[in-house]
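1. This is a predicted model, with the sequence first.
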Amino acid sequence: MALPLRYHWLSLFARKTTTLLTILVIAAVVGVFGWMMGFHAALRDSLSVAGDSRKLIVIKRGSTAESNSAVSPEEFNRLHQLSDVQVDPETGERLISPEMLVQVSLPRLRDGGATFANVAVRGVTKSAFKVHQNVSFAGNRTLGSREVIVGRAAAEQFGGLEIGETINLGHGGIRPYEITGYFSADGGPMESEIWGDLHSLMNSYNRSRYSSASLRLGDGADAKSVLERIEGPAIQLTGATETDYWDGQAKWIRIYIGIAGGLVAVMSLAAVFSIANTMYSMVAGRTREVAMLRTIGYSGGQVLWGFVIESVLLSLIGGVLGCLACGAWLSLVGNTKDMFGATTFTTLAFKISMNWRIVLASLILVSVVGVCGALLPAVRAARLEIVAALREP
């Protein structure tokens, strides 16, 4: 017969100070782990939306992103040689969208405007709404010369982006543009941008070249062969599918996640030692109790698993507190975040949330930590010499 769960529960609080310190260490580990998982999930979900395999992003050779690319009108016109590009049934034209990308510095709402972020401003034509099919805008898709629409993620995180307000763009910020509406992009990267009329913005920024071109492939077209033609001598540009393009832009994210993962690993190791110290203390103070349990018929294996159960219970208490603390922190300071792109020079806005998957992963992690921390002390308890233990004062 196994030891009753009530016995393990009451044993945890026999040494309140040590138990409390261990719970706090575990809660800290779980809180950081939960935040990191939420951060990773938010970025992953945002970038996964930008995974249209039938959309290609074309930039200048040698460029690493749209923001440092300059495609001349002559180079852009060569793209019309591609026969595998989808044709717009309304106009009969190929779905190729010329686009210009610049940045504007805007205050962050989450800190009351104390800090600023580079927000992407994209100049587009009406063909962009047909190429970028995940972009949804309820109003007129022909933008006026001094009008812009704002991505919902950008509107929620940066100041001065309310409908009806004006935003100053162009060199020196001397050209006012009216914000006429919001658009969504299923939570993808473009939802962190501001869109305006291509030719008006090019004039405001004294640009004569596009930053990039986005095109939509026709049914059955092979992206690899189209990209080979784009990079060939006839066109002499470079490109990638939307999936590959954003995967390349996400390298800085993976580095950040790696650093955060290393931090969690170190904290998890500290939690293992903290649990082991607590359990060794329990074993040292309960030698006669363990001997009595062995005397009345409980086996060494039952004693061993009893200490492991106590450790897991201890860990789960800390895990639940850590999840609650992480959720409270996100509610208190806000779950809207943004990250600066090392190659795009703009920010990607997203929201961190503690969903059930993150909570479950956190509790599984902390249970494993609890088992690892308890094993050696539990083995020591199971191997106690009964007669010697009973003679201890």
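-> Received the coordinates, thanks.

2. quick one, strands of this structure?
-> With DSSP state E, the ranges of strands along the chain come out as 55-59, 96-107, 116-124, 147-151, 166-169, 175-183, 194-197, 212-216, 238-241, 336-340, 347-351.

3. would you turn those strands into a markdown table with distance to residue 22?
-> C-beta: built from backbone N, CA, C; applies to glycine. What follows is the strands of the chain, written out as a markdown table (distance: least, C-beta to C-beta, whole Å):
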| stretch | distance to residue 22 |
| --- | --- |
| strand 55-59 | 51 |
| strand 96-107 | 43 |
| strand 116-124 | 40 |
| strand 147-151 | 45 |
| strand 166-169 | 52 |
| strand 175-183 | 48 |
| strand 194-197 | 50 |
| strand 212-216 | 54 |
| strand 238-241 | 49 |
| strand 336-340 | 31 |
| strand 347-351 | 33 |
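
4. Including mean pLDDT and distance to residue 71, could the ones you listed go into CSV?
-> Converted to CSV, those look like this (pLDDT from 0 to 100; distance: least, C-beta to C-beta, whole Å):
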stretch, mean pLDDT, distance to residue 71
strand 55-59, 93, 7
strand 96-107, 92, 8
strand 116-124, 90, 13
strand 147-151, 93, 22
strand 166-169, 94, 21
strand 175-183, 92, 23
strand 194-197, 94, 18
strand 212-216, 94, 6
strand 238-241, 91, 10
strand 336-340, 65, 24
strand 347-351, 70, 23
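
5. of those strands, which approaches residue 255 most closely?
-> Judged by C-beta to C-beta, the one of the strands of the chain that comes nearest to residue 255 is strand 336-340, at 11.3 Å.

6. Number of residues surrounding the closest residue to residue 372 other than its chain neighbours?
-> Nearest non-adjacent residue to residue 372, counting by C-beta to C-beta, 6 or more residues apart in numbering: residue 272, 5.1 Å away. Neighbour count for residue 272, taken as other C-beta atoms under 10 Å: 22.

7. which ones are touching residue 272?
-> For residue 272, the contacting residues are 369, 372-373, by C-beta atoms under 8 Å, 6 or more residues apart in numbering.

8. my guess is residue 316 contacts residue 363, does it?
-> Yes. Residue 316 is within contact range of residue 363, at 6.4 Å (criterion: C-beta atoms under 8 Å).

9. can you give me the helices for the stretch 151-300 of the chain?
-> With helices called from DSSP state H, counting those that start in this stretch, the stretch 151-300 of the chain shows them at 152-157, 198-204, 223-230, 242-249, 251-285, 287-295, 300-333.

10. quick one on the thing from earlier: most neighbours, which of the contacts of residue 272?
-> Most surrounded of those: other C-beta under 10 Å gives residue 373, at 29 neighbours.

11. Quick one: end-to-end length of stretch 153-172, please.
-> Stretch 153-172 has an end-to-end distance of 26 Å (C-alpha to C-alpha, to the nearest Å).

12. in the stretch 1-150 of the chain, which segments are predicted with low confidence?
-> Counting by pLDDT under 70, the ranges of the stretch 1-150 of the chain that qualify are 1-15, 43, 46-51, 140-141.
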